[in-house]
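turn this into a structure:
(2 chains)
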Amino acid sequence: MSAALPIPVIQLFQVLTIAAGAPGVSGVISRVEARLQGRRGPRVLQPYYDLAKLFRKEALAPEGASWVFLAAPLAAFTCYLTVPLLIPVLTTYGLPLGYMGDILGGGFILSLASFLVAVAALETGSPYAQLGASRAKTFAAITEPVILFVVFTVALITGTDLPYALAATVRSSAGQIIRPAHVLAAAALFMVILYETARIPVETHTGTNEFGMIEEARPFEHSGPYFALLKWGSAAKQLILYTILINVFIAPWGLASSNHGGAVLLAIVALLAKASALGVVVAVIDNSFAKLRLFKITEFASAAFLLAVLGVFTLYLGGG
Amino acid sequence: MLAAYAARTLGPPQAPGAYTSGANVIAVLILLAEFGMFRQALLRDQVRLYMAQSGLISVLAVLVGADRHLPELYVLAALSAALKVVAIPLLLRRLLRGTGPAGHPEGHPAGGLTGDADIAGSGALGLASTVLLAIVVAAFGFFAAGALGIRSTAAPLTALSVSVAVVLVAFVLMINRRDVASQAIGLFSLENGISLAALVLAASLPLILEVALLFDLLVAVVVFGLLIRMHHLTGLRHGRAESLSTADLTSLRG
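Next up, the predicted model:
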């Protein structure tokens, strides 16, 4: 059990944990959400069945759509599976490929994936998918500054912008986790994650398509395995963002500090448990707020921006 | 000075102790409550937010008192809580009773008795623009206080910067909102910012001075109370729905 695992295998496990665990976390969220609404809700494993079903179906493309339409889901999924290599998913120490990119690098790869999906949506010629793509890009532009300021906060605290360094700083002392800059940056990041994962108060995740006008509209024309890849990809993106919030900002505990098999296994279980706990919080938020009108999303973004900017201010002046 | 500045900006700052972090977090929460006042659309919520902000001041006073062994701060915290968390909100609610939304006559359960006036549209700017403007103003306050180079033994210096920011953001609130109730709340929360600064800079200020400051606040409450009543009465005399907008005062110019 406690046999030492080779480092490349642990690196592989990082990707596999995200890929295999992501639909499960989505399942937990929709289950909890349904229970809170007094419904029985789908099985926790339902997203896996959905994916399996979609992979067996035939794929159709709209007339006139080029290869971009079919390549985008694959490319986006590849992007989503690249990011886990850069962030502390399972280990406290940086794995060899972990220093390929910093937080900004991970952010770029996530934006690239989102860009590819938007291009594919434009390719379809369907007004609904195009509307979603255009809205997603519009609001991405106003959440971008928030991410930048969160990165600035991290950089001011640790002197680098490597996610591993911040996680180590947070673990180093309890005073670190309640300092205002850290709390503000984590709160701002959480609000951006609510936006990025298409949750209330920005949009509804499940239910009728009319309400999911931003993220959920984009894969409207995709079908079969391609649609499955897009769904799986967005679940993976959700788990990646949760992992960044948990393992870098809020609770970087329970990570493996050695390369023993038992420690890594424990880290996998701990990550999925923490992500599910965060998912429960998200489900509670989903059930306690109303969806914002489209024009009010800027106000949501401005609140997140306020938190991030105040974080940098307090840090810059007197090391708050 | 320059060396300290460079040390602050270049190297990774050390994590401050738990007391400093806690005090800073409370100070930042006070500032966030101030920003939250931009958003509140109902008078009742506005008053509630003011209560929360004043409560945070009392908590901070207790924290500073416990850490610096200043027992008179407990008295101050209790007095300030009694006045700002209980008395003033109660008074404001009584004054604002009957300023329900148009169409709800006084005594109507939906608005009349609760002081549920809708003050959402009284801002001169949109919410997002107001917040951005207030961020700029708060930044000015932050850097102005940082440039003073004050050293304090009682509470962390970040809290002083925050208190200057609270005062300036309260000004933005008072300038931006046109209804008299928000302006009153803005003035009272401005006083909260000053209390915060007093706690940071001179935690051992003689109690009598602090209490005198608190009672100054009561005078402001009475003045604003009169103003709100006047609005209410003129609104009734002219036979239209009660308005809280200060735009009505323009006609009083000589």
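
ok, then the element right after the strand or helix carrying A:R171?
Assigned by DSSP states H and E, A:R171 belongs to helix A:163-172. Sequence order places helix A:174-177 as the next helix or strand after helix A:163-172, per DSSP H and E.

does any part of the helix holding A:R171 sit near chain B?
Yes. Using Cβ under 8 Å from any Cβ of the partner chain, we find that helix A:163-172 touches chain B at A:T169, A:S172. From N, CA and C alone the C-beta is placed, and that goes for glycine too.

just the CA atoms of that helix, as PDB, please.
Only the C-alpha atoms of helix A:163-172 are listed here, as PDB (Å, rounded to 0.1, in the frame of the first residue of the first chain):
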ATOM      1  CA  PRO A 163       0.000  28.100  -7.100                       C
ATOM      2  CA  TYR A 164       2.200  25.700  -5.200                       C
ATOM      3  CA  ALA A 165       3.900  28.600  -3.400                       C
ATOM      4  CA  LEU A 166       0.600  30.100  -2.200                       C
ATOM      5  CA  ALA A 167      -0.600  26.800  -1.000                       C
ATOM      6  CA  ALA A 168       2.600  26.300   1.000                       C
ATOM      7  CA  THR A 169       2.200  29.900   2.500                       C
ATOM      8  CA  VAL A 170      -1.300  29.200   3.500                       C
ATOM      9  CA  ARG A 171      -0.300  26.000   5.200                       C
ATOM     10  CA  SER A 172       2.600  27.700   7.000                       C
END
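
correct me, but A:V154 touches A:D161?
Yes. Look at A:V154 against A:D161 with Cβ atoms under 8 Å: they come within range, at 5.7 Å.

how about A:P23, what does it touch?
A:P47, A:Y48, A:D50, A:L51, A:W232, A:A235 (Cβ atoms under 8 Å, 6 or more residues apart in numbering or on different chains).

which residues do A:V154 and A:D161 both contact?
Once Cβ under 8 Å, 6+ apart is applied, the residues that A:V154 and A:D161 both contact turn out to be A:I103.

compare the two and say which is more crowded by neighbours.
Neighbour comparison, A:V154 and A:D161: the larger count goes to A:V154, with 27 against 18 (by other Cβ atoms under 10 Å in any protein chain shown).

from B:G149, how far off is the more buried one?
With distances taken as Cβ to Cβ, to the nearest Å, A:V154 is found 27 Å from B:G149.

kindly report the same for A:A71.
59 Å.

quick check: the gap between the closest residue in space to A:E196 that isn't next to it in sequence and A:A198.
Excluding the flanking residues, the one nearest A:E196 by Cβ to Cβ, 6 or more residues apart in numbering or on different chains is A:L241, at 5.9 Å. According to Cβ to Cβ, A:L241 stands 11 Å off from A:A198.

residue contacts, the residue nearest to A:A174 when sequence neighbours are not counted?
Computed as Cβ to Cβ, 6+ apart, the closest residue to A:A174 that is not its neighbour in sequence is B:A18, at 6.6 Å. Residues near B:A18 by Cβ under 8 Å, 6+ apart: A:A174, A:G175, A:I178.

of those residues, just the buried ones, PyMOL syntax please.
Here is the PyMOL command that picks out the buried ones among the contacts of B:A18, judged by 16 or more other Cβ atoms under 10 Å in any protein chain shown:
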select buried, chain A and resi 175+178
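
and the contacts of B:A18 as CSV, adding pLDDT?
Output for these, formatted as CSV (pLDDT from 0 to 100):
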residue, pLDDT
A:A174, 71
A:G175, 70
A:I178, 79
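
ok, so of the contacts of B:A18, who is nearest A:R39?
Within the contacts of B:A18, proximity to A:R39 (Cβ to Cβ) peaks at A:I178, which comes in at 37.5 Å.

name the element the closest residue to that closest one other than its chain neighbours belongs to?
Residue nearest to A:I178 in three dimensions, not counting chain neighbours: B:S21, with 4.7 Å by Cβ to Cβ, 6+ apart. Element membership for B:S21, per DSSP H and E: helix B:18-39.

quick one: buried residues of that helix?
B:19-39.

same for the helix or strand that contains B:N192, what does it pack against?
Using DSSP H and E, B:N192 sits within helix B:180-201. When contacts are defined as 3 or more Cβ pairs under 8 Å, 6 or more residues apart in numbering or on different chains; DSSP states H and E, helix B:180-201 packs onto helix B:18-39, helix B:43-68, helix B:88-96, helix B:157-176, helix B:207-237.

report the angle between the first one and helix B:180-201.
Relative orientation of helix B:18-39 with respect to helix B:180-201: 170 degrees, computed using axes from the mean of the first three to the mean of the last three Cα atoms, to 10 degrees.
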